[in-house]
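Engineer: A predicted structure for the sequence below; I have some questions about it.
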Number of protein chains: 2
Amino acid sequence: MRPKSVEKEQAIRTIALKIIQEEGLENLSMQKLAKAANISPRTIYIKYADKEDLLIKLFIDEVLGEYEKAVLEKFDEKMDFAEGVKRIWLNTFRYFKTNRQAFALMQYGNSSPLLTKAFKERNIQEGQFFAPIHKFYKTNISKKIIKNFPVEVCRALLMSPIFNLMNEYFEHLDRPKQIITERLILESCDVVIKGMII
Amino acid sequence: MRPKSVEKEQAIRTIALKIIQEEGLENLSMQKLAKAANISPRTIYIKYADKEDLLIKLFIDEVLGEYEKAVLEKFDEKMDFAEGVKRIWLNTFRYFKTNRQAFALMQYGNSSPLLTKAFKERNIQEGQFFAPIHKFYKTNISKKIIKNFPVEVCRALLMSPIFNLMNEYFEHLDRPKQIITERLILESCDVVIKGMII
DNA sequence: CAAATATAAGTAAACGTTTATTTACTTACT
DNA sequence: AGTAAGTAAATAAACGTTTACTTATATTTG
């Protein structure tokens, strides 16, 4: 029996993300992807049931999964609150800085119904994409270090600015001067922390 | 000469937004739109040069323009900082609460290359979609009420959480209990304000 | 003041192209 | 030698857009 080619599988994922970042999710087609990866369209269907299956697996494994790994590096839910949030912010900034393609697909998670559905199901079903961070919020709430908000609200208040700044970082890549530096990220993080602590 | 039908023009825009919210931007086609609006595909092309033209005009006029009007209501750039931010947050929450379709397309502004391009060009060219708010930031910076950040960073810190909470609001519509109330929005706003002031 | 005319708005049906996916066949490895 | 992985080419459906024609009304004419 002929074995599956791992390189082809990887090429599909890499090139799909590349097309999504450069041309947008709406301009990714199975035939374009096959041609760019130098394979037959059929080959994609050996590895994925259909386009939806490919996109959901890309989003979950390649984007959410990899980001989760990166964001939790050197993070411990027992960390001091300010320290923990700074760790998360820095990990986020450093990871996406060198993974623009993952960030591009991540952004579609807030708009494309397919991906929001996939995200919701995965998060409810397996429960815990970012469980350590959720625990971190809850611990700091019960220790009365931060205000008592639902975790969704904690995430909105603590995390949405860094994603927005990330966006700003990439938009400034095409301009003469980059204003989003690591230093500015940390200063912004301080603002968010200061607001949150009691 | 036969006059243009205003109702048909309006139907196109309304139904396009409806399809985008219900099925996603990627599932809006000219033929589907025409059928849903009970008109011939050709009619759309009398009013818009092509699909891109339609989408950009929808985004700029129907979404950004209407939101700008709503967000600036009873807002004055000379307002006290906390009061001004609360006004903006409440206007945002109340507007999108009853305009879910506009919010759905707004979200694509952070992912679809077509719309990010349109947004950038419009913002640079005509300059001032949210000029009063930008002035408000700058005034409060020079009065040393808030920290000295570039306006893009002010926007990320002050505005991104309310958009995220808006998203959470709509996701909770399908669930048994709504956790995102006006009260919670105002409490979240206090957090953001507290972080920002010196 | 009504009938005739001009003309853009509108329609139904088609255009060629691209889409996701499949069929029929070949290849490479156990 | 057997078998799943892979290819090239084809499928039907859907895509954005256009063609050829009809309709409705503002203006011109009698």
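Structural biologist: Cool, the structure landed.
Engineer: ok now do A:V85, which residues does it touch?
Structural biologist: When contacts are counted by Cβ atoms under 8 Å, 6 or more residues apart in numbering or on different chains, A:V85 touches A:L158, A:C189, A:V192, A:I193, A:M196. C-beta here means a position set from N, CA and C on the backbone, and glycine is covered the same way.
Engineer: try 7 Å this time
Structural biologist: A:L158, A:C189, A:V192, A:I193 (Cβ atoms under 7 Å, 6 or more residues apart in numbering or on different chains).
Engineer: try A:E152
Structural biologist: Taking Cβ under 7 Å, 6+ apart as the criterion, A:E152 is in contact with B:E168.
Engineer: From A:E171, how far out is it?
Structural biologist: Computed with Cβ to Cβ, to the nearest Å, the distance linking A:E152 and A:E171 is 27 Å.
Engineer: list the buried ones in the longest helix along chain A?
Structural biologist: Among the elements of chain A assigned as helix by DSSP state H, the one spanning the most residues is helix A:151-172. For helix A:151-172, the buried set under the neighbour-count rule, 16 or more other Cβ atoms under 10 Å in any protein chain shown, comprises A:152-170.
Engineer: cool, stretch A:96-106 as well?
Structural biologist: For stretch A:96-106, the neighbour count (16+ other Cβ under 10 Å) marks A:F96, A:K97, A:N99, A:R100, A:Q101, A:A102, A:F103, A:A104, A:L105, A:M106 as buried.
Engineer: any idea how far chain B is from the second one?
Structural biologist: Read it as A:K97. The spacing between A:K97 and chain B, counted by Cβ to the nearest Cβ, to the nearest Å, is 16 Å.
Engineer: Now that residue. Nearest residue, chain neighbours left out?
Structural biologist: Of all residues not flanking A:K97 in the chain, A:Y169 sits nearest, at 7.0 Å (Cβ to Cβ, 6 or more residues apart in numbering or on different chains).
Engineer: ok, the one you found to DNA strand C distance?
Structural biologist: For A:Y169, the distance to DNA strand C (Cβ to the nearest atom of the strand, to the nearest Å) stands at 30 Å.
Engineer: Please apply the same query to A:L33.
Structural biologist: When Cβ to the nearest atom of the strand is the yardstick, A:L33 and DNA strand C sit 8 Å from each other.
Engineer: ok, so what distance separates that residue from A:E23?
Structural biologist: Counting by Cβ to Cβ, the gap from A:L33 to A:E23 is 11 Å.
Engineer: and if you look at A:R2?
Structural biologist: Taking Cβ to Cβ as the criterion, A:R2 is separated from A:E23 by 33 Å.
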